[in-house]
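>>> give me a 3D structure for the following:
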Amino acid sequence: MLARTADSLYWVFRYTERADFVARTLDATVRLASLPQAYLGKGNEWESAVASASDLDLFKTLYATANEDTVRDFLAFNPQNPSSIRNCLQTARENARSVRTALTFEMWEALNGAWLELKSFDTNMNREEFSRFLDWVKRVVLVFDGAAYRSMLRNDAYWFSRLGSAVERADNTARILDVKYHLLLPESEWVGGSLDYFQWTTILREVSAVTAYHWVYRQSVKPWLIADLLILNRQMPRSLANCYEILVRHLDLIAEFYGRRGPSQRLASATLNRLSSERIERIFGNGLHEFVEDFITTNNKLGAAIAEQYLN
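Numbers count the residues shown, from 1 in each chain. Model (predicted):
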């Protein structure tokens, strides 16, 4: 496979995954904004959404304040934001069009149809209409990813697509956890308080894990158990451990297929081994924010290693 083909496939799946993440972030923020003021954190929940899903510095150059209207516009529709939902779907479609023959008919129809339908949405929506729009974005990505899973040959094209999804998903889950503690929780609020409960429950909804949480733990919402689910539990599709299990598996398949291992395989394996040996008590004891910040740095290094080894 040509490097540019692998690169386009990798980024098709990174951008569709990112569109889904931004939609989930906005949906969670709408839920938080609907709570009474007493349940909100020390920061502006709309600014927290930008910090989690995009570039806060870029946002501040375009808007005077972070509120529902400006953040919705920036994260959903603004063409100047590379990570807006609009730009993610557009860039994913452009990459898909450049490798049209590497995609199945079902995948192309799902992505191209979504791009055409996106143009019909009015950006001036009320909150209820906007929530329906976010549900549509999540459904579009689910249909596209399902089409890929059900119709692609299990060859190098499929393996590179899985790498894109897993690297992006790991980054997204880590950022959700980081922003939750770094920006939302007030310094005066103790872990496990009423504010903490509502924010953690919102995060579970953001990653479609409310049912999974109760199946696994069969307890009321507890911060350390939610962190355990999203960091260490390999059964959870969006957990860091599950993402790295996927990365190791597909990087190994690529290495076997091309007859060569390299830095990306070594880094992914080392990170999975570290996650396998971790315990949530130790993570909280050493600082959740510090752990997640280090993971994001490592995940970025893996993305760079994959690009250097296969995509350039």
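>>> isn't residue 177 right next to residue 293, touching?
No - Residue 177 is beyond contact range of residue 293, at 10.1 Å (criterion: CB atoms under 8 Å). No exception for glycine: its C-beta is placed from N, CA and C like everyone else's.
>>> more neighbours: which of the two?
Neighbour count, other CB atoms under 10 Å: between residue 177 and residue 293, residue 177 has more, with 24 against 14.
>>> the helix or strand containing the more buried one packs against which elements?
Taking DSSP states H and E as the definition, residue 177 sits inside helix 156-179. Helix 156-179 is packed against helix 3-33, helix 45-53, helix 127-151, helix 194-206, helix 223-231, helix 240-258, helix 288-306, with contacts defined by 3 or more CB pairs under 8 Å, 6 or more residues apart in numbering; DSSP states H and E.
>>> tell me the mean pLDDT for the longest one?
Helix 3-33 shows an average pLDDT of 92 in the prediction.
>>> now the fifth one
Mean per-residue pLDDT for helix 223-231: 89.
>>> that helix vs helix 240-258, what angle?
Going by axes from the mean of the first three to the mean of the last three CA atoms, to 10 degrees, helix 223-231 is angled at 10 degrees with respect to helix 240-258.
>>> tell me which residues in helix 223-231 are buried?
223, 225-231 (16 or more other CB atoms under 10 Å).
>>> who are the contact partners of the nearest residue to residue 15 once chain neighbours are set aside?
Leaving aside its sequence neighbours, residue 15 sits nearest to residue 92 (CB to CB, 6 or more residues apart in numbering; 3.9 Å). Neighbouring residues of residue 92 by CB atoms under 8 Å, 6 or more residues apart in numbering: 11-13, 15-16, 19, 111.
>>> go again with 6 Å.
By CB atoms under 6 Å, 6 or more residues apart in numbering, the contact set of residue 92 is 12, 15-16.
>>> ok, back up a step: export the buried residues of helix 223-231 to CSV and tack on distance to residue 264?
Formatted as CSV, the buried residues of helix 223-231 follow (distance: CB to CB, whole Å):
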residue, distance to residue 264
223, 33
225, 32
226, 30
227, 27
228, 27
229, 27
230, 24
231, 22
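>>> nearest spatial neighbour of the most centrally placed residue in the chain, skipping sequence neighbours?
Centroid-nearest residue in the chain, with CA atoms, centre = their mean: residue 172, separated by 3.1 Å. Excluding its sequence neighbours, the residue lying closest to residue 172 (CB to CB, 6+ apart) is residue 21, at 4.1 Å.
>>> measure that neighbour to residue 27 for me?
From residue 21 across to residue 27, the span is 11 Å (CB to CB, to the nearest Å).
>>> more neighbours: the two, which one.
Taking other CB under 10 Å, residue 21 and residue 27 do not tie; residue 21 has more neighbours (27 against 21).
>>> where does pLDDT dip in this protein?
In the predicted model of the chain, residues 35-44, 180-197 satisfy pLDDT under 70.
>>> picking that back up, got JSON lines for the helices and strands packed on helix 156-179, with distance to residue 268 too?
Supplementary listing: the helices and strands packed on helix 156-179 in JSON lines, determined by distance: least, CB to CB, whole Å:
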{"stretch": "helix 3-33", "distance to residue 268": "14"}
{"stretch": "helix 45-53", "distance to residue 268": "24"}
{"stretch": "helix 127-151", "distance to residue 268": "21"}
{"stretch": "helix 194-206", "distance to residue 268": "25"}
{"stretch": "helix 223-231", "distance to residue 268": "16"}
{"stretch": "helix 240-258", "distance to residue 268": "5"}
{"stretch": "helix 288-306", "distance to residue 268": "6"}
